[in-house]
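Novice: Predicted model, plus sequence, below.
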Amino acid sequence: MTKKLIEAENISKYYRLGVLGSRSFKEDLRDWWAGKNRKSRDHEPESSEHIWALQDIHFDVYQGDILGLIGKNGAGKSTLLKIISRITLPTTGRISGNGRIASLLEVGTGFHGELTGRENIYLNGHIMGMKKKEIERKFDEIIEFSGVSRFLDTPVKRYSSGMYVRLAFAVAAHLDPEILIIDEVLAVGDAEFQLKCLDKIKSISRTEGKTILFVSHNMQTIRNICNRALVLDKGRIIAYGDSESVLASYVNRSREQFLGTDYTKQAVMPGNEMIRIHKIELDPKYMNEFRIIDVRTELCIFFEFAYEVEEAGNLMVQLQVFDDAGELIFTLSSQNNLFSNGIIKGKSVIPGNFLNDGLYYISLAFVRNSNTRLFYLESCLSFHVEDYKDSDGEYGKWAGMVRPSFPLVLNQDPE
């Protein structure tokens, strides 16, 4: 019988914004105990100062599972992972884990900036309860995988974000955890390293029976490596089960199309202290009464955001286009320029006769100095593209991801 490693029962997490996490552990523990014994939550509704990040979460994870966590920004994914990692406590409910847990929730998780890479490897191993000999046995594998051997005796505060995540993942994956928890931190690494990490994830699950919880916005990645999936929306589970059926349900639920949002009319605009999104709009030159765009239509995308940083740095915006399976079709990147604080507007044009038939999603990534992601706005636009009937009354999706109309000219030499 497969061993159950994680069991979550009625997990809820209540935050008083600006208060919890900024006070003492004693005060947070007192509030957790009060929530644990609270018989009803009706007296504490959500407000501008209070929010339920998670509500009534139930699920089990078994040995060898690769569980993909899906959901938009703010759905509660990171909060759930922090509870499982025992970084924070639930307000109500119970969660039990059976096995050594390694977490990779943000760049440099568990690292001490003043210590060298070598010292941090030993520190992380001891935190996980490993003996020195166990760490030494895995040491060479960690260094080879991370590719940071030249900087092994350099304090990690001098590492780039890419070097940080390389070493952090290598440590987390090689120090024999029974449960490995990975948030979107792998997005910091380059494409080659991301593929290397995904191969390692599949390997340690299949050959070593490790259990992995994995957060990704890429549906194709979830489909390829996860056997189970869980979808969170506004702190609640809306789908849970085998990955294929959950992903199909998630895509169908996401088919409600919208051509833009003016976030300034909402109570809370998406973003953080550095990036605050004001609006994003899609302006198709033609769209039928069913809000379906002709494949020949040129698409103009506009967006506006507030930019505020303490220290000047180059800013680049990446516009990513995904299909309904979560596969990244292409990325458009702005120039990496120095901007002052204030309102920044952006525009891009996707030519007609380029996108194939299908449903598409657009996400925006805001990157500083080419390697530090400031904010990621997932699936902020969606639209459906459909072929037109030709003179014979026939139409259909072309083979391939796109259908560019570049000419292909044939010539024949005269005999």
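Specialist: Okay, I see it. Note that the structure is a prediction, hence the values are computed from the model and not measured.
Novice: So Lys202 versus Leu180, what's the distance?
Specialist: 12 Å (C-beta to C-beta, to the nearest Å). Quick note: C-beta positions are derived from backbone N, CA and C, even for glycine.
Novice: Those two: which is more packed in?
Specialist: Leu180 (24 against 15; other C-beta atoms under 10 Å).
Novice: model confidence over stretch 217-228, on average?
Specialist: For stretch 217-228, the mean pLDDT works out to 78.
Novice: That should have said stretch 337-345, apologies.
Specialist: 92.
Novice: Pull the distance from that stretch to the chain's centre.
Specialist: Centroid separation between stretch 337-345 and its chain, computed with C-alpha atoms, centre = their mean, to the nearest Å, is 25 Å.
Novice: Check the separation of the first and last residues in that stretch.
Specialist: End-to-end span of stretch 337-345 (C-alpha to C-alpha, to the nearest Å): 14 Å.
Novice: ok, Val317 - how many residues close by?
Specialist: Neighbour tally, Val317, other C-beta under 10 Å: 20.
Novice: Leaving out chain neighbours, which residue sits closest to it?
Specialist: Among residues not flanking Val317 along the chain, Ser334 sits closest, at 4.6 Å (C-beta to C-beta, 6 or more residues apart in numbering).
Novice: ok, how many other residues are close to that neighbour?
Specialist: Neighbours of Ser334 (other C-beta under 10 Å): 16.
Novice: Check Asn353 too.
Specialist: Look at Asn353: counted by other C-beta under 10 Å, it has 14 neighbours.
Novice: hang on, it packs against Val402?
Specialist: No: applying C-beta atoms under 8 Å, one finds Asn353 not in contact with Val402, separated by 9.5 Å.
Novice: tell me the average confidence for the helix or strand hosting Ser103?
Specialist: Assigned by DSSP states H and E, Ser103 falls within strand 101-104. Strand 101-104 comes out with an average pLDDT of 78.
Novice: pLDDT score for the residue nearest to Val317?
Specialist: Ser334 is assigned 92 on the pLDDT scale.
Novice: dump the residue contacts of it.
Specialist: Residues in contact with Ser334, defined by C-beta atoms under 8 Å, 6 or more residues apart in numbering, are Met316, Val317, Gln318, Gly346.
Novice: export these to TSV and tack on secondary structure and distance to Val385?
Specialist: TSV is the format used below for the contacts of Ser334 (DSSP: H, G, I helix; E, B strand; the rest coil; distance: C-beta to C-beta, whole Å):
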residue	secondary structure	distance to Val385
Met316	strand	27
Val317	strand	23
Gln318	strand	21
Gly346	strand	22
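Novice: Could I have the buried ones of the residues you listed as PyMOL selection syntax?
Specialist: Restricted to buried positions by 16 or more other C-beta atoms under 10 Å, the PyMOL selection for the contacts of Ser334 reads:
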select buried, resi 316+317
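Novice: Closest to Val61 out of the contacts of Ser334?
Specialist: Nearest to Val61 out of the contacts of Ser334 is Gln318 (C-beta to C-beta; 32.9 Å).
Novice: gap between the closest one and Ile101?
Specialist: Applying C-beta to C-beta to Gln318 and Ile101 gives a distance of 33 Å.
Novice: swap in Val367?
Specialist: Val367 is 30 Å from Ile101, by C-beta to C-beta.
Novice: Could you list the buried residues of stretch 197-208?
Specialist: Those would be Cys197, Leu198, Lys200, Ile201, Ile204, Ser205, for stretch 197-208 by 16+ other C-beta under 10 Å.
Novice: right, and the helix or strand after the helix or strand of the chain with the lowest mean pLDDT?
Specialist: Here the helix or strand of the chain ranked lowest by mean pLDDT, DSSP states H and E is helix 25-36, holding a mean of 59. The helix or strand immediately downstream of helix 25-36 is strand 50-62, counting by DSSP H and E.
Novice: In its sheet, which strands sit next to that next one, and in what direction?
Specialist: Applying DSSP bridges, strand 50-62 is found paired with strand 4-16 (antiparallel).
Novice: Just the CA atoms of the strand it pairs with, as CSV, please.
Specialist: C-alpha atoms of strand 4-16 as CSV (Å, rounded to 0.1, in the frame of the first residue of the first chain):
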residue,chain,number,x,y,z
LYS,A,4,0.6,8.8,2.8
LEU,A,5,3.1,11.5,3.3
ILE,A,6,0.9,14.7,3.6
GLU,A,7,-2.6,15.0,4.9
ALA,A,8,-4.4,18.3,5.1
GLU,A,9,-7.7,18.6,6.9
ASN,A,10,-9.8,21.7,6.9
ILE,A,11,-6.9,24.1,6.5
SER,A,12,-7.7,27.8,6.6
LYS,A,13,-5.4,30.8,6.9
TYR,A,14,-6.6,34.2,8.1
TYR,A,15,-4.5,37.3,7.8
ARG,A,16,-5.0,40.7,9.4
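Novice: Give the bridge partners for the spatially closest residue to Ile238 that is not a sequence neighbour, please.
Specialist: Closest residue in space to Ile238, ignoring its immediate chain neighbours: Val231 at 5.2 Å, by C-beta to C-beta, 6+ apart. Beta bridges link Val231 to Ile70, Ala239, judged by DSSP bridges.
Novice: Would you agree Val231 is in contact with Ile237?
Specialist: Yes: judged on C-beta under 8 Å, Val231 makes contact with Ile237 at a distance of 7.0 Å.
Novice: ok, the residue nearest to Val317 to Ile301 distance?
Specialist: Where Ile301 is concerned, Ser334 sits at a distance of 12 Å (C-beta to C-beta).
Novice: do Thr91 as well
Specialist: Between Thr91 and Ile301 the distance is 40 Å, computed by C-beta to C-beta.
Novice: More neighbours: these two, which one.
Specialist: Taking other C-beta under 10 Å, Thr91 and Ile301 do not tie; Thr91 has more neighbours (25 against 21).
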